[in-house]
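Q: coords below, sequence missing:
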């Protein structure tokens, strides 16, 4: 097993992880005798700019940076967590995310809140199933966690998990993973499938959309488009 697989806590093989543009020169800075990670704030800032999210430099949440878009009918937030402590489990990690979001943003009932999080950690102790449990498959009244990206700088591995639906923040997710790949990271991306209720509801909505459009429209809700999709558990 490779060193990065040990640290990630996932049993990867090279052929199971997508490495984009491997020929590019890798540029990292050294900190304390070890290789530091990429400039994540710059990668995220570049990714969120086309979606008109602005930095919230006024917030003082330890270990966090935030970008936000808030209008009358839309509220979207991207957070960067740079915390090198080891999370005990998926619940510990989720509590950290939910707690920071609740302390800094109000989720209004009429517009909700969509959230994406990038977490820079020393290692990735969570399995793919753990990550799927973090991401919401349907709207959450406390804020819908649409995607999560874990970045292990010591091992140059990045793992992303996105919900089943294409959302306003989906281009941000893809752009961040692409930026990490270009920085020399081994990038994998997995999509959380619909749960039983959402399969039923979207099936009904798709049928209604097809009938009302006379067959020109087959989906009421667009499926997430993941150009980097690789499930580490599959060959």
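A: Sure thing, it's come through. Everything numeric here is computed off the predicted structure, so don't read it as measured data. Numbering: from 1, shown residues only.
Q: and residue 86, that one's in a helix?
A: No. The assignment for residue 86, made by DSSP: H, G, I helix; E, B strand; the rest coil, is coil rather than a helix.
Q: could you pull out the helices in this protein for me?
A: 3-8, 40-48, 90-104, 128-134, 170-182, 196-212 (DSSP state H).
Q: lowest average pLDDT across those?
A: Note on the helices of the chain: helix 3-8 shows the lowest mean pLDDT, a mean of 29.
Q: my guess is residue 132 contacts residue 159. True?
A: No. Counting by C-beta atoms under 8 Å, residue 132 does not reach residue 159; the two are 11.5 Å apart. C-beta here means a position set from N, CA and C on the backbone, and glycine is covered the same way.
Q: common neighbours of these two, please.
A: Common neighbours of residue 132 and residue 159 (criterion: C-beta atoms under 8 Å, 6 or more residues apart in numbering): residue 190.
Q: what about residue 142, how many residues close to it?
A: 13 (other C-beta atoms under 10 Å).
Q: my read is that it contacts residue 108, right?
A: No. Judged on C-beta under 8 Å, residue 142 makes no contact with residue 108 at a distance of 11.6 Å.
Q: show me where pLDDT drops low in the protein?
A: Counting by pLDDT under 70, the chain shows low-confidence ranges at 1-37, 84, 194-222, 224, 227-235.
Q: 50 instead, please
A: Scanning the chain for pLDDT under 50 picks out 1-35, 196-207, 209-211, 220-221, 231-235.
Q: okay, domains of it per the record?
A: Domain assignment for the chain, taken from automatic domain parsing, gives 3-191, 194-222.
Q: ok so, going back, give me the more crowded residue out of residue 132 and residue 159.
A: Neighbour totals were compared for residue 132 and residue 159, and residue 159 leads with 26 against 18 (other C-beta under 10 Å).
Q: out of the domains of the chain, which one sits most buried?
A: With neighbours taken as mean count of other C-beta atoms under 10 Å, the domains of the chain reach their highest mean count in domain 3-191, at a mean of 18.
Q: wait, residue 79 touches residue 59, no?
A: No. In this structure, residue 79 is not within contact of residue 59 by C-beta under 8 Å, at 9.8 Å.
Q: and for these two, which residues touch both?
A: residue 66.
Q: residue 189 contacts residue 176, doesn't it?
A: No. If you go by C-beta under 8 Å, residue 189 and residue 176 don't touch, sitting 10.5 Å apart.
Q: need the residues touching each of the two.
A: With C-beta under 8 Å, 6+ apart, residue 189 and residue 176 have common neighbours residue 160.
Q: ok, now which ones touch residue 163?
A: By C-beta under 8 Å, 6+ apart, residue 163 lies in contact with 135-137, 144, 146-147, 191-192, 224.
Q: again, only this time at 6 Å
A: 135, 146, 192 (C-beta atoms under 6 Å, 6 or more residues apart in numbering).
Q: could I get the residues you listed as CSV with distance to residue 38?
A: Shown next, in CSV, are the contacts of residue 163 (distance: C-beta to C-beta, whole Å):
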residue, distance to residue 38
135, 23
146, 22
192, 25
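Q: now, which of those residues lie within strands?
A: When DSSP state E is applied, the contacts of residue 163 are split such that residue 146 fall in strands.
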